[in-house]
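Chemist: coords please:
(chains A, B, C and D)
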There are 2 protein chains.
Amino acid sequence: MATIEDVARVAGVSRSTVSYALSGKRSISRATQDRIEAAIADLGFTVNAGARALATSQTMSIALLSQFHQDEFAPAMLQYIRSVSDAARELGYDVLFVTDTDGAAAVKRITSSNMVDGVVLLDVTHADPRLGLLRAARQPGATVGLPGDVEGLDIFDLDFAESARLIIDHLYGLGHKEVVLISPPEHVFERGGAYGWRFRDAAVERAGGYGMRIHTYYGESQQPAIGTNINSILDARPTATALVVHNDATIAALPLVLMARGVKVPEDLSVVSLYSTDFGRIFSLPYTAVESSPDVLGRLAVEQLVRRINDPGHAGPAVVHLIAPELRDRGSTA
Amino acid sequence: MATIEDVARVAGVSRSTVSYALSGKRSISRATQDRIEAAIADLGFTVNAGARALATSQTMSIALLSQFHQDEFAPAMLQYIRSVSDAARELGYDVLFVTDTDGAAAVKRITSSNMVDGVVLLDVTHADPRLGLLRAARQPGATVGLPGDVEGLDIFDLDFAESARLIIDHLYGLGHKEVVLISPPEHVFERGGAYGWRFRDAAVERAGGYGMRIHTYYGESQQPAIGTNINSILDARPTATALVVHNDATIAALPLVLMARGVKVPEDLSVVSLYSTDFGRIFSLPYTAVESSPDVLGRLAVEQLVRRINDPGHAGPAVVHLIAPELRDRGSTA
DNA sequence: CTGAAAGCGCTTACAG
DNA sequence: CTGAAAGCGCTTACAG
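Modeler: Below you'll find the predicted structure:
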């Protein structure tokens, strides 16, 4: 493998001159520059990333920590992973993808061994054990997901409370008086999946303010329980005119269940949900829904993280950015 | 950040002794060992991964290259990514997750800058442009997916031809005489997605040998084209008694389409497909299918890659491992 | 059982 | 415009 030393020798200059020619951090004569470039091409030289990282204390990599919970529905996850990965590359960073079961230990391992310049946390829970270790790390951290304590990290998430209000407002505007809400599985709540109760509590409060009746249920995460669950909920609430689904696995299974029951949307039942356009396409979902914007969230987190990496201290106080929900009307409400 | 130098000073020994205490590569007296461990704990020392990599020429990372084609159905992908990531961690390797649009350039960048000890390629096509660069790299490479030229790399894939035969045999055994096959989208074939024709050609040949009629069609990759496509195919072949689906997006949408048509499985139509158990669960698919085993494939690729990393030259000639298909009977054929 | 020193491949003040 | 040298934080022959 050619090193900078080899390039220097072939070009007849010093190592430092080659290094500066590479970085452009000082001016080099035309002739020297040309000889160096020729030598680089001849030798097929590429900078050794590890050596550069050691010398500069910059790895040009960020870690992406993802967790795979059994009670979570995987298809939505890949969109966050992709958006983080794409955004990172655009900004010149590589991505260390970390899926260790023990996320807290992974944060410690990755940060203390200096493998990355920053960390993005996905699937953040209310009292996420990874947060403390990330705050203690010398690298900056950003999360997708709003934890209970936002201190010292840049937080990005959809505004789930506002999403719920937007949906209730929409249904109220259409004259609905009795609504059913299917939330994430109970396990998600127990685990501290705050998006579950942020959405539900806001929906209940807003509906109450309008004098609407709202019945809330936990959803399931696995078939065949999902189908059984939907059916028993609909059986129990025959007078409800609208169904709000805040649960990926449930909304994915809904078209089939409703067709089997002979329920027409929106004639017999209005349906509103929360998912990304891509997710909707994957599952052929025809429902009006709040856009969950995984692409936007992943990108925002990475951009802010890179800002902190490049300008520690000057990037301002920690940010909590809840993006405003948008309702995509697909005609499933009436 | 504490360095090995700090640990040495606090413990009152030399850097080399600390290093050996860490690696266990030479024996250390009990007393010295204890002092070193105490110093490490006091200082919260962790080895700097980059410095170690520079000194040992081992990064303890592998690259995972994934491509996101528009005509491919994303949900299946995450399972390969997960299995590679999990297997790598179990073997002590971290994973650099690379999703650059230009995969060939990414292979070059990652390998020539020495960021990883080996490379796993996902979504490999017949004449994949990444292969040449990976062969030219000094790091070993493994693929999930069978390319046209298998030279110099370890290849892992499902035996799609045998999968097709298994399915045709199964249908023939049940007395079917006319079968429809929906393949991956035409774009996948054009792009060199060899699994498409390996499956189809074997199915056609085997069916021909049995005197069965088989009608082959390309599937679609996006709604609403998927539904339209399925309906027009079924309309065109009313006398076919079995449907073989080798297409993720199509099989995911099939239950709804069949229910809408009032087609009962297996009474009116037998259905056989090819997907993983997890995939089937996500889409609530009730069909008999060949297990695609993403978890097994990802793991095999990583294990072989690590074998090569640890024992270059002695790990034997390049391997082409096509795993034998298994049919999971879920009662969707008669 | 332990230490001093060279080396991994870069970058960057310091000097001229 | 360019070079010699120190330093990033480790590992590992070489010596004793």
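
Chemist: near DNA strand D, which residues of the stretch 51-200 of chain A are found?
Modeler: Counting by Cβ under 7 Å from any atom of the strand, the residues of the stretch 51-200 of chain A lying close to DNA strand D are A:51, A:54-55, A:57. From N, CA and C alone the C-beta is placed, and that goes for glycine too.

Chemist: dump the residue contacts of A:L134.
Modeler: Contact analysis of A:L134 by Cβ atoms under 8 Å, 6 or more residues apart in numbering or on different chains lists A:107, A:111, A:119, A:121, A:141, A:153.

Chemist: how much space is there between A:S112 and chain B?
Modeler: According to Cβ to the nearest Cβ, to the nearest Å, A:S112 stands 4 Å off from chain B.

Chemist: no wait, A:G211
Modeler: Distance of A:G211 to chain B, computed by Cβ to the nearest Cβ: 37 Å.

Chemist: ramachandran angles for that residue?
Modeler: Note on A:G211: its backbone torsions stand at phi 70, psi 20 [degrees, to the nearest 10].

Chemist: the residue of the stretch 101-250 of chain A found nearest DNA strand D: which element?
Modeler: Among residues of the stretch 101-250 of chain A, the one nearest DNA strand D by Cβ to the nearest atom of the strand turns out to be A:N114. It sits 7.5 Å away. In the assignment (DSSP states H and E), A:N114 maps to no helix and no strand.

Chemist: next: A:L166.
Modeler: A:L166 is part of helix A:160-173 when elements are defined by DSSP H and E.

Chemist: for that helix, buried residues please.
Modeler: Residues of helix A:160-173 classed as buried by neighbour count (16 or more other Cβ atoms under 10 Å in any protein chain shown): A:160-168, A:170-172.

Chemist: would you list the residues you listed in a markdown table and tack on pLDDT and distance to B:E190?
Modeler: A markdown table is the format used below for the buried residues of helix A:160-173 (pLDDT from 0 to 100; distance: Cβ to Cβ, whole Å):
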| residue | pLDDT | distance to B:E190 |
| --- | --- | --- |
| A:F160 | 98 | 42 |
| A:A161 | 98 | 47 |
| A:E162 | 98 | 45 |
| A:S163 | 98 | 41 |
| A:A164 | 98 | 45 |
| A:R165 | 98 | 47 |
| A:L166 | 98 | 43 |
| A:I167 | 98 | 42 |
| A:I168 | 97 | 48 |
| A:H170 | 97 | 43 |
| A:L171 | 97 | 46 |
| A:Y172 | 97 | 50 |
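
Chemist: relative to DNA strand C, which of these is nearest.
Modeler: Distances from DNA strand C to these, taken by Cβ to the nearest atom of the strand, are shortest for A:F160, at 42.7 Å.

Chemist: for burial, what's the neighbour tally of A:V13?
Modeler: 19 (other Cβ atoms under 10 Å in any protein chain shown).

Chemist: what sits against it?
Modeler: A:V13 sits next to A:32, A:35-36 when contact means Cβ under 8 Å, 6+ apart.

Chemist: from those residues, which land in helices?
Modeler: A:32, A:35-36 (DSSP state H).
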